[in-house]
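Chemist: Just a sequence and a predicted model for now, questions to come.
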Amino acid sequence: MDNKKLAEILFPHILKAPDYYEKLYPARVLPEGARVTRFAPSPTGFLHFGNLFTCLVSYKTAKTTDGVFYVRVEDTDRKRKVEGAIEVMLKGLSVYGIVPDEGVFSETEQFGAYGPYYQSERKIIYQTYAKSLVEQGLAYPCFMTAEELDEIRAQQENESVKGIWGKWARHRDLSLPEIEEKLNAGTPWTLRLKSPGTLEGKCFFDDMIKGKIEMPENVQDVVILKSDGIPTYHFAHAIDDHLMRTTHVVRGDEWISSTPIHLQLFKLLGFKPPKYAHVAPIMKEENGGKRKLSKRKDPEAAVTYYAEEGFPSESVNEYMLTLANSNFEDWRRMNKDEELDKFPFNLKKMSVSGALFDMVKLTDVSKNVISKMPAGKVFELSYEWAKEYNPNLAALYEKDTDRATAILNIDRENKKPRKDIAKWSDIPDYISYMYDETFAPCYELTGNATPALAVKVLELYKDIVNLDDTKDEWFERIKGMCEAVGCTPNVKEYKQNPEAFDGHVGDVSTVIRVALTGRTNTPDLYEITRLLGRETVEKRLTDALSYYKEEK
């Protein structure tokens with residue numbers, strides 16, 4: 001077989017050799033130990049939590065080593081392309097602080113010295129390397145029809161190794177005249193790798209997460225160019241990862257089974273393979289067992305869920321790092337206020353079997369993150385969320401933005417801020433009693449507070465409440481009422497001799513709190529009273545008093 005002649009027949013339009021591209025895309029000049037990673041989405045769907053998580057791992061791998069993170073779009077499958085998918089994915093990444101150093105930045109914008117970063121624009125590059133493989137006798141045209149391939153699949157139903165190899169590789173050893181005859185007849189063809197693998201051969205690689213892996217080497221003559229000259233994923237990614245000088249490929253562990261093919265391609269192409277880090281899927285508990293987080297069953301599988309619910313990006317990022325590295329929570333306890341970027345992320349600290357998604361944990365993490373935010377930031381982020389997802393809340397904010405910010409600042413910006421808000425969608429209920437439009441009276445009491453005690457407290461308090469009081473003055477008024485209503489201002493005294501009193505200062509406060517807010521547990525009652533305003537306070541105290549008089 002004259003392989004050079006065959007290569008010219010198959011690729012007469014390819015005039016350059018691989019050396020041209022090796023020089024065009026030289027090795028990157030980076031600090032020692034710097035890692036080059038990528039996110040390589042297909043425009044066939046939208047961003048899911050698993051994608052975001054794997055992308056964060058890839059991003060952190062580059063950033064913690066002063067390396068490069070880039071985005072490459074694998075858009076060779078035109079039939080499955082979803083319009084706008086890439087824009088949505090990239091926007092989703094940017095929300096969570098994942099911004100590439102180079103690559104695709106939008107549907108129409110790409111930047112970097114190793115582009116183009118759309119695979120659909122790199123067809124000539126792939127065909128150059130394909131031609132080189134043919135010249136070396138490492139690839140051949142295959143003319144099998146879809147019907148023939150279906151027939152082989154049926155025959156291989158009980159075979160341990162499937163695909164085109166051995167006796168099923170019918171066109172592997174066609175002579176040049178036979179090939180020319182088919183080409184002259186216009187018979188469609190694909191280009192297949194001429195695998196040197198054997199059934200006895202083994203493939204070894206050291207996975208950055210899972211450790212040493214041993215697998216049977218690839219024996220299949222996989223398709224590397226489809227009949228339209230477009231490369232398969234296997235072939236394109238090998239060339240792109242090499243020419244873009246990727247050092248570490250972070251991807252889902254469903255790709256482990258394809259790794260022998262990929263390593264074989266790198267070897268036959270003469271490339272040094274990247275290091276692989278296969279990320280286990282995010283799991284979820286169900287009926288005492290575990291399953292993969294499902295796009296179909298679990299709303300939280302879609303990244304849009306977190307935006308709709310109003311989880312701040314900081315919370316989601318913090319939570320993802322608890323899933324990503326086993327030592328993150330210890331680091332956070334030692335570095336309570338440190339930026340996430342300072343965390344020394346390490347691939348070797350990742351779970352081999354898959355992290356467990358826990359909505360309760362995410363909620364707790366987010367409460368903690370939000371509790372540390374200043375009121376201005378809480379207002380700003382929740383207002384942006386409300387304008388898109390809760391116009392009623394946005395309208396309340398717009399009545400008086402300073403008052404809204406002050407409401408959100410109650411029991412905030414102190415040493416022990418409250419942790420009532422886990423997501424922005426919690427806010428409408430959390431602050432509902434602060435607005436007459438959303439206040440829902442509820443007069444249920446707790447502890448020693450009874451309707452009879454409530455009547456006595458409210459009749460006295462409505463005449464002495466003063467919104468100009470300082471906090472200390474306000475509390476002294478509450479304590480000063482206690483004796484007159486049969487209570488003690490000293491909780492300890494009540495516990496020592498409960499029969500002597502109808503309650504204590506906490507019960508007096510509960511009556512006032514319930515009257516003004518409809519709740520028994522709220523942030524600082526003094527601040528609530530001051531922000532409600534005189535007219536609202538007087539009306540609510542009067543309404544509550546009327547209610548308890550009827551109940552008494």
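Modeler: Structure received.
Chemist: pLDDT score assigned to the residue nearest to residue 441 when sequence neighbours are not counted?
Modeler: The shortest distance from residue 441 to any non-neighbouring residue, by CB to CB, 6 or more residues apart in numbering, is to residue 518 (5.1 Å). (Each C-beta comes from the backbone N, C-alpha and C, glycine too.) At residue 518, the pLDDT value in this model is 97.
Chemist: Same check on the one 4 residues further on?
Modeler: We have a pLDDT of 95 for residue 522.
Chemist: how deep is it tucked in, by neighbour count?
Modeler: Close neighbours of residue 522, defined as other CB atoms under 10 Å, add up to 20.
Chemist: circling back to that earlier point, okay, the residue nearest to residue 441 and residue 444: tell me how far apart.
Modeler: For residue 518, the distance to residue 444 (CB to CB, to the nearest Å) stands at 9 Å.
Chemist: The lengthiest helix in the chain packs against which elements?
Modeler: In the chain, taking DSSP state H as the definition, the longest helix is helix 534-551. Here helix 534-551 touches helix 451-464, helix 505-517, going by 3 or more CB pairs under 8 Å, 6 or more residues apart in numbering; DSSP states H and E.
Chemist: List the buried residues for stretch 165-179?
Modeler: Applying a neighbour-count criterion of 16 or more other CB atoms under 10 Å, the buried positions in stretch 165-179 are 165, 168, 169, 171, 172, 174, 179.
Chemist: Quick one: end-to-end distance for it.
Modeler: Length of stretch 165-179, first residue to last, CA to CA, to the nearest Å: 19 Å.
Chemist: Then stretch 486-496?
Modeler: 16 Å.
Chemist: picking up where we left off before, quick one: which of the helices and strands packed on helix 534-551 is nearest residue 288?
Modeler: helix 505-517 (40.9 Å; CB to CB).
Chemist: what's the angle from the closest one to helix 451-464?
Modeler: Here the directions of helix 505-517 and helix 451-464 differ by 70 degrees (axes from the mean of the first three to the mean of the last three CA atoms, to 10 degrees).
Chemist: name the helices or strands packed onto helix 505-517?
Modeler: On a contact count with 3+ CB pairs under 8 Å, 6+ apart, helix 505-517 meets helix 451-464, helix 471-482, strand 487-488, helix 525-532, helix 534-551.
Chemist: How about residues contacting it?
Modeler: 433, 442-449, 453-454, 457-458, 461, 478-479, 481-482, 485, 487-491, 519-520, 522, 525, 528-529, 532, 537, 540-541, 543-545 (CB atoms under 8 Å, 6 or more residues apart in numbering).
Chemist: Show the contacting residues for the nearest residue to residue 491 once chain neighbours are set aside.
Modeler: Distances taken as CB to CB, 6+ apart place residue 504 nearest to residue 491, at 4.8 Å, with adjacent residues excluded. By CB under 8 Å, 6+ apart, the contact list for residue 504 reads 448, 482, 487, 488, 489, 490, 491, 493, 494.
Chemist: so how far is residue 461 from the fourth one?
Modeler: Residue 488 sits 17 Å away from residue 461, taking CB to CB as the criterion.
Chemist: The two: which is more packed in?
Modeler: Neighbours per residue, other CB under 10 Å: of residue 488 and residue 461, the larger number sits with residue 488, 23 against 20.
Chemist: can you pull the contacts of residue 275?
Modeler: Residue 275 sits next to 206, 208, 247, 248, 249 when contact means CB under 8 Å, 6+ apart.
Chemist: Three-state assignment for the first one, please.
Modeler: Put simply, residue 206 is strand when judged by DSSP: H, G, I helix; E, B strand; the rest coil.
Chemist: hang on, the earlier thing: and which of the contacts of residue 275 is nearest to residue 191?
Modeler: Closest approach to residue 191 among the contacts of residue 275 (CB to CB): residue 249, at 23.6 Å.
Chemist: what about the closest one, which SS state?
Modeler: Secondary structure, three-state DSSP: residue 249 is strand.
Chemist: Quick check, it in contact with residue 274.
Modeler: Yes. The criterion here is CB atoms under 8 Å, and residue 249 meets it with residue 274 at 4.8 Å.
Chemist: what helix or strand is residue 294 on?
Modeler: Residue 294 belongs to no helix or strand when assigned by DSSP states H and E.
Chemist: ok, now how distant is residue 168 from residue 494?
Modeler: Distance, residue 168 to residue 494, using CB to CB: 88 Å.
Chemist: whoops, residue 149 was the one
Modeler: 85 Å.
Chemist: And for residue 174?
Modeler: Residue 174 is 98 Å from residue 494, by CB to CB.
Chemist: of residue 518 and residue 444, who's got more company?
Modeler: Set residue 518 next to residue 444 and count neighbours by other CB under 10 Å: residue 518 wins out with 18 against 9.
Chemist: Could you pull up the residues touching the more buried one?
Modeler: The neighbours of residue 518, taking CB under 8 Å, 6+ apart as the test, are 433, 439, 440, 441, 442, 443.
Chemist: Just the buried ones from those residues?
Modeler: Among those, the ones that count as buried by 16+ other CB under 10 Å are 433, 439.
Chemist: now the contacts of residue 518 in TSV, with distance to residue 354, pLDDT and secondary structure?
Modeler: Below are those laid out as TSV (distance: CB to CB, whole Å; pLDDT from 0 to 100; DSSP: H, G, I helix; E, B strand; the rest coil):
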residue	distance to residue 354	pLDDT	secondary structure
433	43	98	helix
439	46	97	coil
440	43	95	coil
441	48	96	coil
442	44	96	coil
443	49	96	coil
